[in-house]
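Novice: Next one to model:
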Amino acid sequence: MTSPQDLTGFGWSNAFQSQLSLEDMEASEPARVVAVHRNGLDVSGPGFSERVGFPPTDAQDEESWPTVGDWLLVAKADHRPLRLLERKTLFKRRAAGTGRRIQLIAANVDTLLIVSSCNQDFNPRRLERYLILARDAGVMPVIVLTKVDLVDDPTPYRVAAERLMSGLLVECVDARSDAGVAPLQSWCGPGQTVALVGSSGVGKSTLVNTLAGNTEQATQPVRADDDHGRHTTTGRSLHRLADGGWLIDTPGMRELQLVDSEAGVEALFDDIVALAAQCRFGDCAHDTEPGCAVQAALADGTLAPERFRRYRKLQAEEAHNSASIAERRAREKGFGRMVKAIMRDSRKR
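Specialist: Numbering: from 1, shown residues only. Presented below is the predicted three-dimensional model:
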């Protein structure tokens with residue numbers, strides 16, 4: 001098996017090494033999933049990069065499927081996929097559209113770079129969703145404000161971003177040059193994995209090109225009429241960075257619906273959660289109940305009405321989506337048990 005020292009540069013750590021048995025170490029080797037296709041997985045490890053099939057699984061849960069950033073054990077002899085290793089972190093969302101399925105975004109990420117730009121694309125509500133995504137994945141978020149060359153002073157954008165969450169790191173960069181992205185280098189060192197998220201046109205592809213020290217991603221100009229960019233990244237992919245780290249780029253997400261994100265919502269709006277704990281009644285709905293600390297804060301201006309409305313909207317959306325997913329999973333598990341029972345009965349006959 002490839003030595004752990006050789007794998008460290010790919011993001012390998014003790015969290016993955018501890019999952020291997022002696023048999024695993026003798027007969028297999030780890031590979032990092034760098035891209036997912038309909039017909040297989042592009043994987044890389046020390047000394048090889050190739051496309052392999054999907055590992056065998058009988059699980060119904062979408063979270064058991066491979067995604068970019070995963071670690072896959074492959075057979076030494078022929079690189080036949082054997083199994084996925086347990087992840088350190090996982091980004092997911094409810095898939096766009098009317099369905100109720102989960103879409104995996106990336107796995108085993110250390111830092112999430114949430115990219116916005118100093119123009120009309122700057123949207124605090126969208127940034128809040130990404131921050132919740134990071135909190136639920138257990139990953140540190142960093143807001144990256146691009147296109148600072150388009151404004152006289154990016155300070156108002158920085159201040160607005162910093163107000164979204166206490167202690168939030170915000171970096172203003174010029175994605176076109178190495179010097180311009182220098183503030184991000186501390187998260188892009190050897191063995192580190194960062195993921196980029198953000199809407200189309202905020203400069204993610206330019207940022208990838210500069211951090212990777214090449215022109216891997218095509219770029220498109222911004223439309224002058226509304227500052228919106230043309231979508232250039234069409235799939236998630238893992239890129240090697242100039243400083244030895246790894247970067248997962250993602251397509252611009254027009255829709256980011258939350259699921260299994262109750263803890264993330266509460267962490268982002270911890271000030272409202274703290275106020276709610278001071279209400280007279282434990283089941284206070286924060287409407288017209290007497291002794292409501294939230295309503296008192298709204299009345300004296302301590303809590304902004306718009307922030308409270310966003311909290312309630314995200315809270316309701318998360319609860320609805322999570323309930324829908326849970327119901328579907330329960331139905332699929334019940335159907336799977338029925339199929340297995342029928343197969344057992346047919347074999348007995």
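Novice: ok, and the closest non-adjacent residue to the spatially most central residue of the chain?
Specialist: When C-alpha atoms, centre = their mean is applied to the chain, the residue found nearest the centroid is Phe91 (3.5 Å). Here the nearest residue to Phe91 in space, its sequence neighbours aside, is Ile105; by C-beta to C-beta, 6 or more residues apart in numbering that works out to 3.9 Å. The way it works is simple: take the backbone N, C-alpha and C, and place the C-beta from them, glycine included.
Novice: Go ahead and name everything in contact with the host helix or strand of the one you found.
Specialist: Here Ile105 sits within strand 102-107, counting by DSSP states H and E. The contact list for strand 102-107, computed with C-beta atoms under 8 Å, 6 or more residues apart in numbering, reads 33, 62-63, 65, 67-70, 87-96, 133, 195, 197, 236, 248, 250, 259, 325.
Novice: That one pairs with which strands?
Specialist: strand 90-94 (antiparallel) (DSSP bridges).
Novice: from the chain's centre, how far out does the partner strand sit?
Specialist: Taking C-alpha atoms, centre = their mean, to the nearest Å, the mean C-alpha location of strand 90-94 is offset from the chain mean by 6 Å.
Novice: Likewise for stretch 312-323?
Specialist: For stretch 312-323, the distance to the chain centre is 18 Å (C-alpha atoms, centre = their mean).
Novice: for the record, mean pLDDT for it?
Specialist: Average pLDDT, stretch 312-323: 78.
Novice: Tell me the buried residues in it?
Specialist: 314-315, 317-318, 321-322 (16 or more other C-beta atoms under 10 Å).
Novice: Just the C-alpha atoms of it, please, in PDB.
Specialist: Coordinates of each C-alpha in stretch 312-323 appear next as PDB, following Å, rounded to 0.1, in the frame of the first residue of the first chain:
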ATOM      1  CA  ARG A 312     -38.200  32.500  10.400                       C
ATOM      2  CA  LYS A 313     -38.100  31.900   6.700                       C
ATOM      3  CA  LEU A 314     -35.000  29.700   6.800                       C
ATOM      4  CA  GLN A 315     -36.300  27.900   9.900                       C
ATOM      5  CA  ALA A 316     -39.600  27.000   8.200                       C
ATOM      6  CA  GLU A 317     -37.800  26.000   4.900                       C
ATOM      7  CA  GLU A 318     -35.400  23.700   6.800                       C
ATOM      8  CA  ALA A 319     -38.200  22.100   8.800                       C
ATOM      9  CA  HIS A 320     -40.300  21.500   5.700                       C
ATOM     10  CA  ASN A 321     -37.400  20.100   3.600                       C
ATOM     11  CA  SER A 322     -36.100  17.900   6.300                       C
ATOM     12  CA  ALA A 323     -39.500  16.400   7.000                       C
END
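Novice: can you give me the helices in the stretch 151-300 of the chain?
Specialist: 155-162, 204-212, 262-268, 270-276, 293-300 (DSSP state H, counting those that start in this stretch).
Novice: and these as JSON lines, adding distance to Pro56 and mean neighbour count?
Specialist: Output for the helices of the stretch 151-300 of the chain, formatted as JSON lines (distance: least, C-beta to C-beta, whole Å; neighbours: other C-beta atoms under 10 Å):
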{"stretch": "helix 155-162", "distance to Pro56": "44", "mean neighbour count": "16"}
{"stretch": "helix 204-212", "distance to Pro56": "33", "mean neighbour count": "24"}
{"stretch": "helix 262-268", "distance to Pro56": "33", "mean neighbour count": "19"}
{"stretch": "helix 270-276", "distance to Pro56": "43", "mean neighbour count": "16"}
{"stretch": "helix 293-300", "distance to Pro56": "51", "mean neighbour count": "16"}
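Novice: and the ones you listed, which one is worst for confidence?
Specialist: helix 262-268 (a mean of 78).
Novice: what's that helix packed up against?
Specialist: helix 124-137, helix 305-348 (3 or more C-beta pairs under 8 Å, 6 or more residues apart in numbering; DSSP states H and E).
Novice: burial count for Gly203?
Specialist: Gly203 has 25 neighbouring residues, counting by other C-beta atoms under 10 Å.
Novice: Which of the helices and strands packed on helix 262-268 has the lowest mean pLDDT?
Specialist: The bottom spot among these, by mean pLDDT, belongs to helix 305-348, with a mean of 65.
Novice: Correct me if wrong: the residue nearest to the centre of the chain contacts Val194.
Specialist: No. Here Phe91 does not reach Val194: they are 12.0 Å apart, not a contact under C-beta atoms under 8 Å.
Novice: Averaged over its residues, which helix or strand of this structure has the lowest pLDDT?
Specialist: In the chain, the helix or strand scored least confidently by mean pLDDT, DSSP states H and E is helix 305-348, which has a mean of 65.
Novice: how close does the residue lying closest to Leu303 once chain neighbours are set aside get to Ser117?
Specialist: Excluding the flanking residues, the one nearest Leu303 by C-beta to C-beta, 6+ apart is Ala297, at 3.8 Å. According to C-beta to C-beta, to the nearest Å, Ala297 and Ser117 sit 32 Å apart.
Novice: try Asn108
Specialist: In terms of C-beta to C-beta, Asn108 sits 28 Å off from Ser117.
Novice: Where does pLDDT dip in the chain?
Specialist: 1-5, 58-60, 94-100, 214-235, 251-261, 323-349 (pLDDT under 70).
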